[in-house]
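Participant: This is the structure alone, sequence omitted:
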């Protein structure tokens, strides 16, 4: 079993729909990252969370540390949101050791 | 543009060969991370350097090594290359949230696509 599980693996939706991508993890963490990877391969950091909720534009990320679960929401989705969304966690190991453990990603397609 | 640069963008080589990938972090970032993304394994953490010293090791093979230089750029050396080493190699950088503490957001370079024939 992977330490970081994402669902769904693939998601196709219509423009304007509200999108939710889920991430569950099985280890103690000090932070959780949501990343976006476009077809060209580049990776962009969207959020880093250790508690609560963050919002940036149409993107909202939440985390529940007790339940070891995070969600990424996209409101008013647009074709340009089509990408792979990756959840990654930083363990509690501390000491400044910060290498991330990644989920397998959610491939999102927004159709016009 | 994240501010992290990687060279080369593409690299095609043969089995058994050795290659060096280079990464320049964002100005002021002290931590450099190397990640490998392959079709079967997904993204995996290889190694982290902080201000010139190795800080953490992930799934890095013994055939691979890295270093971070005084100007903070880093190199990942891959030797005795095998077909399975074909992958995208990303470098990322970050600053610690406080001196010696955990890092904040990680900023990823554009990656180097390695093809081993």
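Facilitator: Structure received. In this text the structure is predicted, and so the values were computed from the model without any measurement.

Participant: For the rest of this, base every contact and every neighbour count on C-alpha atoms.
Facilitator: Fine.

Participant: where exactly do the strands run in chain B?
Facilitator: Here chain B has its strands, by DSSP state E, at B:5-7, B:10-13, B:19-24, B:31-38, B:42-50, B:53-57, B:64-68, B:74-78, B:87-94, B:107-108, B:112-116.

Participant: anything in the lowest-mean-pLDDT helix or strand in chain B near chain A?
Facilitator: The weakest-scoring helix or strand in chain B, judged by mean pLDDT, DSSP states H and E, is strand B:53-57 (a mean of 90). Yes. Using CA under 8 Å from any CA of the partner chain, strand B:53-57 reaches chain A at B:55, B:56, B:57.

Participant: Stretch B:104-117 now?
Facilitator: Yes. Stretch B:104-117 reaches chain A (CA under 8 Å from any CA) through B:104, B:105, B:106, B:107, B:108, B:109, B:110, B:111.

Participant: and the gap between the fourth one and residue B:84?
Facilitator: As defined by CA to CA, to the nearest Å, residue B:107 lies at a distance of 26 Å from residue B:84.

Participant: So between those two, which is more surrounded?
Facilitator: Neighbours around residue B:107 and residue B:84, counted as other CA atoms under 10 Å in any protein chain shown, are more numerous at residue B:107. The numbers are 23 against 13.

Participant: end-to-end on stretch B:67-79?
Facilitator: The first and last residues of stretch B:67-79 sit 14 Å apart, counting by CA to CA.

Participant: how many other residues sit next to the closest residue to residue B:64 other than its chain neighbours?
Facilitator: Leaving aside its sequence neighbours, residue B:64 sits nearest to residue B:78 (CA to CA, 6 or more residues apart in numbering or on different chains; 4.6 Å). Here the number of neighbours of residue B:78 (other CA under 10 Å) works out to 20.

Participant: Check the contact between residue B:78 and residue B:15; I expect there is one.
Facilitator: No. Using CA atoms under 8 Å, residue B:78 is not in contact with residue B:15; the gap is 11.1 Å.

Participant: Residue B:88 - nearest residue in space that isn't next to it in sequence?
Facilitator: Per CA to CA, 6+ apart, closest to residue B:88 is residue B:113, 4.4 Å.
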